[in-house]
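Student: model the structure of this input:
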Amino acid sequence: MTKKTRTILFLICFALFVLTAPTIILYSQGYRVDIDSKKITQTGGLFLKVIPKQVEVFIDGKLKKKTDFFFGSALIENLLPKKYKIEIKKEGYEPWEKNLEVKEKEVIEAKNIVLFPENINFEILSKNVENAWFSPDEKKIVLKETENGNWVLKLYDLERNVKSHLIDNKNVNSKKETELLNLEFSKDSKEIYLNIGMKEQEKNFVLGLDKVPPVLTERKITPKTENIVTSQVVFNGDNYYLDTSGHLFKSSSKAKNGDERKFIDYPSVAKGEDEGEAFIDYGEKLTEKPFPIKAETEYKLNIFPENIFLQENKTLYLFSSDSKSFEKFFENASVLKISPDNKKLVLISNYEIWILFFKEITSQPQRKSGEQLFLVRLSEKIGDCFWLNSDYLIFNAANKIKIAEIDDRDKINIVDVAEFSSAAKSYGGPAEAFGEGGESPEIFWNQFDKKLYILSGENLSQSEKLLP
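Tutor: You can find the predicted model right below:
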């Protein structure tokens, strides 16, 4: 090869290098030619994390990849900035679909996607059930059943999958007809408190579940203190109560000498260990401006880790630490429940679902502390609602049970879980009880075993496990 030929080849190679090197560098840095806009733009990406694992990810109708076996995640890179139709599919499961906008130099995340089975299996756990109460630890259910015209209480142990007899009306009084008026669990799930009517008389009992056989003893209730309107004892033992003057107080379960005080659930009084008398431990007054208390009006305190709500019938007031008073916050609130991560609150208002964010959420979609999100409005009135996890809700509307995500980017993915006939009986007890008759079946989501329980037509049914 002559020197002239070598020079020409060198110049050609150098020219090709000069022409292609910038293109290679730009390509490696994520730049692409956008044919639609006819310009060079930097790409973005999409990161997905899905339950279950190994699902198919479609973008604009084309299969891109499957989520991995170990983490259930998928990263799709080099996407031009624009909106994409994302579909997550797996055989036997309801699909997930959302339009998400990919931006330059950003990875758009959807890390909390859950696919639910198309046909969720239910089995009847118990028949002839009038009411059911879940323990606070969600490991036990007390069932009220009817046998030969008599009421019977039975205990269903969810850990051992065993149902056993507790008591019946004859154990309370063999000579008189009795009626179970109310039932509540103790906070440690070891006892149940019974309010039983005997003709014109009412008596209260304690049934110890940690003893074999369970021991039934009469319980003396401290009379209601006249100047207490409503109260709540929270997880750390602190007692909050609202008095008739409209002021909110907080008192600790620790006495001045350091001894532990034991509060009864209602009214908000502490019981002196020596004298055995009820007294009010006023503690710290939190309000400066009193709340106007109305006669013959229902009030309820809802204490959360960083927020205090007062419910007046269905009107919700939020305690402001700045003004040290209650300020109107929400109308027609029938259900309030905090998420498992303690960062958000679901509010049910007849046909609507709202989310209140207590804390800032830095993951996508980002939320500000104090932000309110209107999630969805349905044509049927919503009965009860539970947090499935911190990103999904499960609720009943009319006879249908639905699951909804709280990611409001584009449309809300809502899945119909099942349809049941309405519940049979009425009940006036706590929120953990089934049996309130009317328009829809009663539901309970159990965080312990990740199963849904439904009371419908005197049958208590249990779903398959919905989350890992």
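Student: quick one: low-confidence parts of this structure?
Tutor: 1, 14, 16-38, 223-224, 235, 253-282, 421-440 (pLDDT under 70).
Student: quick one: the residue nearest the centre of it from E296, how far?
Tutor: With distances taken as CA atoms, centre = their mean, W387 lies nearest the centre of the chain, 2.0 Å away. As defined by CB to CB, to the nearest Å, W387 lies at a distance of 34 Å from E296. Bear in mind the C-beta positions are built from the backbone N, C-alpha and C, glycine included.
Student: what does P441 give?
Tutor: Between P441 and E296 the computed distance is 32 Å (CB to CB).
Student: these two: who's more crowded?
Tutor: In terms of neighbours (other CB atoms under 10 Å), P441 is the more surrounded of P441 and E296; the figures are 27 against 4.
Student: isn't the more buried one right next to I454, touching?
Tutor: Yes: if you go by CB atoms under 8 Å, P441 and I454 touch, sitting 5.3 Å apart.
Student: any common contacting residues for the two?
Tutor: Common contact partners of P441 and I454 (CB atoms under 8 Å, 6 or more residues apart in numbering): I401, F420.
Student: contacting residues around the residue nearest to the centre of the chain?
Tutor: Under the contact definition (CB under 8 Å, 6+ apart), the residues listed for W387 are K337, I338, S339, P340, V346, L393, W445.
Student: secondary structure class for the fourth one?
Tutor: Just to be clear, that refers to P340. Secondary structure state of P340, per DSSP: H, G, I helix; E, B strand; the rest coil, is coil.
Student: contacting residues for the closest residue in space to it that isn't next to it in sequence?
Tutor: What sits nearest to P340 in space, not counting adjacent residues and going by CB to CB, 6 or more residues apart in numbering, is S390, at 5.1 Å. By CB under 8 Å, 6+ apart, the residues touching S390 are N112, S339, P340, D341, K343, K344.
Student: again with E218
Tutor: Contacts for E218 (CB under 8 Å, 6+ apart) come out as K203, N204, F205, V206.
Student: of those, buried ones?
Tutor: Buried subset of the contacts of E218 (neighbour count, 16 or more other CB atoms under 10 Å): K203, F205, V206.
Student: so which strand or helix has the last one?
Tutor: V206 is part of strand 201-208 when elements are defined by DSSP states H and E.
Student: within the sheet, what are the partner strands of that strand, with directions?
Tutor: strand 191-198 (antiparallel), strand 215-218 (antiparallel) (DSSP bridges).
Student: can you give me how far that strand is from the chain middle?
Tutor: Averaging C-alpha positions (CA atoms, centre = their mean, to the nearest Å) puts strand 201-208 32 Å from its chain's average.
Student: thinking again about what came up before, can you redo the strands paired with strand 201-208 as CSV with distance to H247?
Tutor: Putting those into CSV (distance: least, CB to CB, whole Å) gives the following:
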stretch, distance to H247
strand 191-198, 29
strand 215-218, 35
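Student: what's the most buried one of those strands?
Tutor: Highest mean neighbour count of those: strand 191-198, a mean of 19 (counted as mean count of other CB atoms under 10 Å).
Student: ok, residues contacting that one?
Tutor: With CB under 8 Å, 6+ apart, strand 191-198 has contacts from 133, 142, 172-173, 176-186, 202-210, 219.
Student: restricted to buried residues, select the residues you listed in ChimeraX.
Tutor: What follows is the ChimeraX syntax for the buried subset of those, where burial is set by 16+ other CB under 10 Å:
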select :133,142,172,178,180,182,183,184,185,186,203,205,206,207,209
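Student: ok, back up a step: now distance to L100 too, for the buried ones among the contacts of E218, in TSV please.
Tutor: Shown next, in TSV, are these (distance: CB to CB, whole Å):
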residue	distance to L100
K203	60
F205	57
V206	55
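Student: ok, so of the residues you listed, who is nearest T2?
Tutor: If you rank the buried ones among the contacts of E218 by distance to T2 using CB to CB, V206 comes first, at 108.5 Å.
Student: tally of neighbours for E94?
Tutor: Close neighbours of E94, defined as other CB under 10 Å, add up to 21.
Student: just I355 next, same as before
Tutor: 18.
Student: where does it sit: helix, strand or coil?
Tutor: strand.
Student: domains in this protein, by residue range?
Tutor: Domains of the chain are assigned by automatic domain parsing as 32-114, 130-218, 225-303.
Student: looking at those domains, which is closest to L467?
Tutor: Smallest distance to L467 across the domains of the chain (CB to CB): 7.1 Å, for domain 32-114.
Student: who are the contact partners of the closest residue to V107 other than its chain neighbours?
Tutor: Closest residue to V107 apart from its sequence neighbours, by CB to CB, 6+ apart: G45 at 4.2 Å. Neighbouring residues of G45 by CB under 8 Å, 6+ apart: L75, I76, E77, N78, L79, V102, E106, V107, I108.
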